[in-house]
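Asks: Quick one, fold the following:
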Amino acid sequence: MSEHGHQGGMDAEPLFTDGLPDLDPTQGYRGAVAARAAGITYRQLDYWARTGLVEPTVRNASGSGSQRLYAFRDILVLKLVKRLLETGISLQQIRSAVEQLHEVGIVDLARTTLMSDGASVYLCTSTDEVIDLLHQGQGVFGIAVGKVYEEVEATLDSVERDQIDPMDELAARRARRAS
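Replies: Numbers count the residues shown, from 1 in each chain. Modelled structure (predicted):
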């Protein structure tokens, strides 16, 4: 287990996705939708993108009038960053955790628990890793990423139904597919 609890794994496509959304890397959510789904302000979203904490992976802003597009995974990471900030974790440790989160495959990510001792953040992908951290006295709190994953998914479904941003490209594509 590394400092952050992550061990290298296979990047193969899973046979079963256990209800995980279809993650087309070319589809994305506009900033207002991403911010609402992550439970943060648009100002926070903008600041985190400009400082490189969480940048949109579908499309970054590239000048006046261009819009960022965030993938589902980006929104999940945004919500996790928010939760870590709320617990008092330092921005330096959060940046390190975000780097680790980007290295984990999306299926593994849904099965990950973020643990912290209040100073460092550890990514645990098994119950044994969580127990090891607790035995070492390092686990003060944990965030089950799968639960946050479900929250983001439910919020995005709700946002799409409310049609907060009818020009959202992902919502438009889904509407075209449905008709």
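
Asks: Do a quick rundown of the helices in the protein.
Replies: With DSSP state H as the definition, the chain shows helices at residue ranges 31-38, 42-50, 72-86, 91-103, 106-110, 127-135, 145-162, 169-178.

Asks: Which positions in the fourth one come out as buried?
Replies: Applying a neighbour-count criterion of 16 or more other Cβ atoms under 10 Å, one finds 93-94, 96-98, 100-101 buried in helix 91-103. From N, CA and C alone the C-beta is placed, and that goes for glycine too.

Asks: swap in the longest one?
Replies: For helix 145-162, a neighbour-count test (16+ other Cβ under 10 Å) marks 145, 148-149, 152-153, 155-156, 159-160 as buried.

Asks: contacting residues around residue 45?
Replies: 31, 34-35, 38, 78 (Cβ atoms under 8 Å, 6 or more residues apart in numbering).

Asks: What separation do you get for it and residue 93?
Replies: Noted for residue 45: a distance of 20 Å to residue 93, by Cβ to Cβ, to the nearest Å.

Asks: what's the answer for residue 32, then?
Replies: Following Cβ to Cβ, the distance that separates residue 32 from residue 93 is 28 Å.

Asks: Likewise for residue 51?
Replies: In terms of Cβ to Cβ, residue 51 sits 15 Å off from residue 93.

Asks: Residue 80 too?
Replies: Distance from residue 80 to residue 93, by Cβ to Cβ: 13 Å.

Asks: Next: residue 153.
Replies: According to Cβ to Cβ, residue 153 stands 26 Å off from residue 93.

Asks: same check, this time on residue 46
Replies: On the measure of Cβ to Cβ, residue 46 and residue 93 end up 22 Å apart.

Asks: Equivalent analysis for residue 104, please.
Replies: Counting by Cβ to Cβ - residue 104 and residue 93 are separated by 17 Å.

Asks: Equivalent analysis for residue 176, please.
Replies: 42 Å.

Asks: same check, this time on residue 48
Replies: Distance, residue 48 to residue 93, using Cβ to Cβ: 15 Å.

Asks: next one: residue 123
Replies: 12 Å.

Asks: Please apply the same query to residue 126.
Replies: In terms of Cβ to Cβ, residue 126 sits 22 Å off from residue 93.

Asks: Low-confidence stretches in this protein?
Replies: For the chain, applying pLDDT under 70 flags the ranges 1-26, 61-66, 105-107, 138-139, 160-175, 179.

Asks: pretty sure residue 118 contacts residue 140?
Replies: Yes - using Cβ atoms under 8 Å, residue 118 makes contact with residue 140 at a distance of 5.1 Å.

Asks: now residue 60: how far from residue 159?
Replies: 21 Å.

Asks: If you could redo that for residue 93, that was the one I meant.
Replies: Distance from residue 93 to residue 159, by Cβ to Cβ: 30 Å.
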